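Asks: Build the 3D model from these lines:
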Amino acid sequence: MGRRRGLQRVALAGVVALTATACLAEEGGGGGGGGGGTAGDKSVEIVFGFGGSQSKGFQESLKEFQSTSGIKIKFTEASQSFDTLIRSRVQGNNSPDIALFPQPGLLLDFVKQNKLTDLSTQIDLEKVKGSLVPGVLQAGTADDGKAYGVPISMNVKSLVFYNKPVFEKAGYTVPKTQQELTALTEKIKSEGKTPWCFGIESGPATGWPATDWLEEYVLRLGGPETYQKWVKHQIPFNDPVVKQAAEALEKLVLTEGNVLGGRKGVVSNAFSTSANPMFNPTPGCYLHRQGNFITQKGFFPDKVVADIDNQVGVFYFPGESEDNQPVLGGGDLAAVFGGKDDDTKQVMAFLTGPDYKGWSEESGFLSPLKAFPLDNYKSELTKQIAKIGYEASVFGFDGSDQMPGSVGAGSFWKGMVSWISGQKDLDTALKDIEQSWPS
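Replies: Prediction:
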């Protein structure tokens, strides 16, 4: 179970540990032509790894397209076992026409097996690339420079949430740089308060929230090129810039008095509710870094979600300077199997074009198109979050989702837990992760 998968499952169902199953949506027609079906049969199958309101919204967003194009879409939902389902389908020579990958690492595994199609043969790739947030296409691009996965959704993780009325009453100022964020942290602490909320307990996925924190700092301190080299293991996992990133996290958040419950509390606090003490009558903490999914129902207290624009504030987790504003995030990448069906090409053109409006704040995803109208989002908070994403200097796709599963959803999680809990020192934890990388 990848970190991204763990996040989706919690965001959709309120838990991480779920039994692996796959279900077929009732809507749609028979198998498509690009994968295992017949080309030109006016039927396309899409397999995806999300459920709940996300699945419902996705299917509804394609109703009008099906009506006007005459193409019937079979929606195959595998929200609890996407990797298991897609691997078995491919191995059984029963690939779908289109799959929406939440993990670029899994997508690129299929590229190495020559199972996916160069998207330049399916869509106007240069036009699509020009419409996307800078850098977001890189996650689906293989070492040969060809794009095999294109994002149709985006989530933003470089965000810090706060209790809006409390923050404003205290006279705190939104920081624009890491130096200012450190100063804000010290100011809150000097007033006898605890600055940060942070929890990494997530059942069998415990530790993944800490990987996001480390990725934030590698992206900022190393820059996008070094970040991508680290993700692809072109530099060692324990490269000096990674140690520097961990030390920056430690200084800001893990220093004694900076985080609610201390380091032990970080390991034992459930990530899904770790921000909620911000909204206590006497706040237990004041700042919480997390992805935009947390604004969905099931994370913040219900009464806060019901009045979210008035109760919750957000600011960009700043770079080293105001001119350097990378954003860490994720999303779902559309990829094509087969690639010889014009029906599949039509669906891909629609999914990657400006007329597709399948994501809303209820689903926890944003459009990856930088010119997507902010008015399409209902809440002011979501508009603000989307604006942060669209104004990013570069978009860094979640690193652990791009790494081999044994690292990104295994040793990386465990290493962060062992370091934060004090079971291992930083050098040992990073070295152990490096040595776990598959040869």
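
Asks: any weak-confidence spans in the protein?
Replies: Within the chain, the stretches with pLDDT under 70 are 1-39, 79, 359-364.

Asks: which of the residues in the strand or helix carrying Val242 are buried?
Replies: Per DSSP states H and E: Val242 is located in helix 240-249. In terms of neighbour count (16 or more other CB atoms under 10 Å), helix 240-249 has its buried residues at Val241, Val242, Ala245, Ala246, Ala248, Leu249. The C-beta positions use only the backbone N, C-alpha and C, and glycine is treated the same way.

Asks: What values do phi and psi take at the residue nearest the centre of the chain?
Replies: Against the mean C-alpha coordinate of the chain, by CA atoms, centre = their mean, the closest residue is Gly330 at 3.0 Å. The phi/psi pair for Gly330 (degrees, to the nearest 10) reads phi -150, psi -160.

Asks: And for Pro151?
Replies: Dihedral pair for Pro151: phi -70, psi 140, per degrees, to the nearest 10.

Asks: So it sits against Gly135, correct?
Replies: No: using CB atoms under 8 Å, Pro151 is not in contact with Gly135, being 10.4 Å away.

Asks: More neighbours: these two, which one.
Replies: Neighbours around Pro151 and Gly135, counted as other CB atoms under 10 Å, are more numerous at Pro151. The numbers are 28 against 19.

Asks: Find the nearest non-adjacent residue to Leu62, please.
Replies: Leaving aside its chain neighbours, Leu62 sits nearest to Ile73 (5.6 Å; criterion: CB to CB, 6 or more residues apart in numbering).

Asks: packing partners for the lengthiest helix in the chain?
Replies: The helix that spans the most residues within the chain, counting by DSSP state H, is helix 208-231. Here helix 208-231 touches helix 3-13, helix 240-249, strand 288-289, strand 326-330, strand 394-397, helix 399-402, helix 412-420, going by 3 or more CB pairs under 8 Å, 6 or more residues apart in numbering; DSSP states H and E.

Asks: what is the residue nearest to the centre of the chain paired to in the beta sheet?
Replies: Asn155 (DSSP bridges).

Asks: which residues does it contact?
Replies: Arg4, Leu7, Pro102, Met154, Asn155, Lys157, Gly291, Phe397, Asp398, Asp401 (CB atoms under 8 Å, 6 or more residues apart in numbering).

Asks: Kindly provide the distance from Pro283 to Gln384.
Replies: 21 Å (CB to CB, to the nearest Å).

Asks: and if you look at Ser88?
Replies: Distance from Ser88 to Gln384, counting by CB to CB: 41 Å.

Asks: list the contacts for Lys414?
Replies: Residues in contact with Lys414, defined by CB under 8 Å, 6+ apart, are Gly207.

Asks: Revised request: answer the last question for Met416.
Replies: By CB under 8 Å, 6+ apart, Met416 lies in contact with Ile200, Gly207, Ala210, Thr211, Leu214, Ala429.

Asks: now with 7 Å?
Replies: With contact taken as CB atoms under 7 Å, 6 or more residues apart in numbering, Met416 is in contact with Gly207, Ala210, Thr211, Leu214.

Asks: How about Leu287?
Replies: Val160, Tyr162, Pro195, Trp196, Cys197.

Asks: hmm, try it at 6 Å
Replies: Residues counted as contacts of Leu287 (CB atoms under 6 Å, 6 or more residues apart in numbering) are Val160, Tyr162, Pro195, Trp196.

Asks: can you tell me which of these lies nearest to Phe365?
Replies: Val160 (19.8 Å; CB to CB).

Asks: Just to be sure, that closest one is in a helix?
Replies: No: per DSSP: H, G, I helix; E, B strand; the rest coil, Val160 lies outside any helix segment and is strand.

Asks: Domain map for this protein?
Replies: 3-154+332-372, 156-327+401-436 (automatic domain parsing).

Asks: could those go into JSON lines alongside distance to Ser379?
Replies: Formatted as JSON lines, these follow (distance: least, CB to CB, whole Å):
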{"stretch": "domain 3-154+332-372", "distance to Ser379": "6"}
{"stretch": "domain 156-327+401-436", "distance to Ser379": "5"}
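
Asks: who wins for proximity to Glu380 among these?
Replies: Across these, Glu380 has its closest neighbour in domain 156-327+401-436 (4.7 Å, CB to CB).

Asks: With adjacent residues omitted, what lies nearest to Pro104?
Replies: Per CB to CB, 6+ apart, closest to Pro104 is Ala139, 4.1 Å.

Asks: Would you confirm that the one you found contacts Phe395?
Replies: No: using CB atoms under 6 Å as the test, Ala139 is too far from Phe395 to be in contact (8.7 Å).

Asks: All the strands of this protein, residue numbers only.
Replies: Along the chain, the segments classed as strands by DSSP state E run 23-24, 43-48, 72-77, 98-101, 150-151, 155-156, 159-163, 288-289, 312-316, 326-330, 333-336, 394-397.

Asks: Give the partner strands of the fifth one in its sheet and their orientations.
Replies: What that stands for is strand 150-151. When DSSP bridges is applied, strand 150-151 pairs with strand 333-336 (antiparallel).

Asks: Relative to the whole chain's centre, how far out is the partner strand?
Replies: Relative to the centre of its chain, strand 333-336 is centred 16 Å away, using CA atoms, centre = their mean, to the nearest Å.

Asks: And stretch 241-260, by the same measure?
Replies: Its chain's C-alpha centre and that of stretch 241-260 lie 22 Å apart, by CA atoms, centre = their mean.

Asks: Go ahead and name everything in contact with that stretch.
Replies: 189, 194-198, 213-214, 217-218, 221-222, 226, 263, 266, 277, 284-285, 426.

Asks: Burial check on the residue nearest to Asn276 when sequence neighbours are not counted, number of neighbours?
Replies: Residue nearest to Asn276 in three dimensions, not counting chain neighbours: Pro301, with 5.9 Å by CB to CB, 6+ apart. Other residues near Pro301 come to 14 when the count uses other CB under 10 Å.
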